[in-house]
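Asks: Make a model of this:
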Amino acid sequence: MTYFAYKDGKLCAENVTFFEIAKRYKTPCYVYSKNAISSKYEEFASAFGSEKHLLCYAVKANSNISILKILARLGSGFDIVSGGELHRVIKAGGDPRKTVFSGVGKRVEEMEFALNNDIKCFNVESQSELYKLNETAKNIGKSAPVSLRVNPDVDAKTHPYISTGLKENKFGIAYEVAKSLYQEAAQMKNINLVGIDCHIGSQISDLRPFQDALKLLLDLIDDLKKAGIDLKHIDIGGGLGITYKDETPPTATEYVHAITNTVKQYNLEIIMEPGRSIVGNAGVLLTKVEYLNETPFRNFAIVDAAMNDLIRPSLYNSWHDIKNIEKGSKAKKVEYDIVGPVCETADFIGKKRSLCLSEGDLLAVFSVGAYGFSMASNYNSRPRPSEILVDNDQIQEIRKRESLDDLINGERLV
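Replies: Reported below is the predicted structural model:
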């Protein structure tokens, strides 16, 4: 089911037109469908059936506390990569005991914050981090639940910037030394070994890399059991792709079944960390055409959204579908580069898009629910946009547009 569709020639988010949203909240703004988020989470959850599992939504994909609250109420756990993300989870009513802490650079104060809130597990990514966590836990009288993140050297066949499971990537512990580090960790008084973790990348459209990595982890689990180390869970990470243009990734159900069918002979809780696949297609960036600049070499539609609002096209050369929110324009169809007002040549939302445009038109940029607002910045001293949540015919502003005073909050003249 699509939650963004034309009705009587006007594009709607569920049962609200984008015209109404723009009138009430101006542009640019992010618009999310609550029911799109909920239905995707429930698709993952139902696919597990009676299998022991925990879905830990990857907060980095979209960290708005209202979205975290939706997922917490559905029973979701959370995958965090910073103390700030744990703070958001707690504020949204999420359960720290269902939260796993990933990331290569955890600071001592973040470790203490997580330990004092009794998180489910630290996904430890290096020998040095393991030593520091053991020391930190000892200093505050805690035992740290630990899973080692193992780098299996599996090619996820995705964009190099979001591939995380190869030898040359900064993430995780090399597969070849993982067993010895587990054995060392087992002797540490303030470390409680509970699991094993792997995350090979993002926007993956083929199940084979997941299965290849999983089989390597299961081999390691077998070796560890022979060595007297019995783990309770296996964390396969996230990374399932979505459709931006013409990709055909596996469904959530196909993905879950591929994992459960491989693990079924083991008595292990399965942890999964979906992010993009839950919220990616649940968001649209609404923007207005300010100017049309048609030159002998190229035609530009200059909109009020920019790379500071949505950096994915500039950073990854990613595709996002762009549509006029109203059908039946009388303007001629022209091939435009959709660009923003930021002073960088890399500031574009889409290139070579055939659209019927007039100045003042409203455009919808699709599939921005993940790594859209969460990667936004104030570059060029531009206030970040508002975020809007639609639930059937109800509209709620879940983040106010920043003001000019917000831009200098915390600064002082000296």
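Asks: contacting residues for R276?
Replies: Shown in contact with R276 (Cβ atoms under 8 Å, 6 or more residues apart in numbering): A58, A61, S202, Q203, G238, L240, G241, I242, A370, Y371. Using the backbone N, CA and C atoms, a C-beta is placed for each residue, glycine as well.
Asks: Pretty sure N134 sits against I140.
Replies: No - applying Cβ atoms under 8 Å, one finds N134 not in contact with I140, separated by 11.8 Å.
Asks: more neighbours, these two?
Replies: Neighbours of N134 and I140, each counted by other Cβ atoms under 10 Å, are more numerous for N134; the result is 19 against 12.
Asks: how about the more buried one, secondary structure?
Replies: helix (DSSP: H, G, I helix; E, B strand; the rest coil).
Asks: Which stretches in the stretch 101-250 of the chain count as strands?
Replies: When secondary structure is read from DSSP state E, counting those that start in this stretch, the stretch 101-250 of the chain shows strands at 121-124, 144-151, 173-174, 191-197, 233-235.
Asks: possible to save those as CSV with mean pLDDT, distance to D95 and mean neighbour count?
Replies: Formatted as CSV, the strands of the stretch 101-250 of the chain follow (pLDDT from 0 to 100; distance: least, Cβ to Cβ, whole Å; neighbours: other Cβ atoms under 10 Å):
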stretch, mean pLDDT, distance to D95, mean neighbour count
strand 121-124, 96, 13, 29
strand 144-151, 94, 14, 26
strand 173-174, 87, 27, 16
strand 191-197, 96, 17, 22
strand 233-235, 94, 16, 23
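Asks: Reformat the contacts of R276 as JSON lines; add neighbour count.
Replies: Output for those, formatted as JSON lines (neighbours: other Cβ atoms under 10 Å):
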{"residue": "A58", "neighbour count": "28"}
{"residue": "A61", "neighbour count": "24"}
{"residue": "S202", "neighbour count": "25"}
{"residue": "Q203", "neighbour count": "24"}
{"residue": "G238", "neighbour count": "26"}
{"residue": "L240", "neighbour count": "27"}
{"residue": "G241", "neighbour count": "21"}
{"residue": "I242", "neighbour count": "19"}
{"residue": "A370", "neighbour count": "26"}
{"residue": "Y371", "neighbour count": "25"}
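Asks: Y291 and S358 touch, don't they?
Replies: No - with contact defined as Cβ under 8 Å, Y291 does not count as touching S358 (10.9 Å).
Asks: Tell me the residue in this protein that is farthest from the middle.
Replies: Relative to the mean C-alpha coordinate of the chain, counting by Cα atoms, centre = their mean, the farthest residue is P296 (40.1 Å).
Asks: Secondary structure of it: a helix, I assume?
Replies: No - per three-state DSSP, P296 lies outside any helix segment and is coil.
Asks: coming back round to it: arrange the strands of the stretch 101-250 of the chain in JSON lines, one row each, with distance to G105 as further columns.
Replies: Converted to JSON lines, the strands of the stretch 101-250 of the chain look like this (distance: least, Cβ to Cβ, whole Å):
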{"stretch": "strand 121-124", "distance to G105": "12"}
{"stretch": "strand 144-151", "distance to G105": "13"}
{"stretch": "strand 173-174", "distance to G105": "15"}
{"stretch": "strand 191-197", "distance to G105": "16"}
{"stretch": "strand 233-235", "distance to G105": "19"}
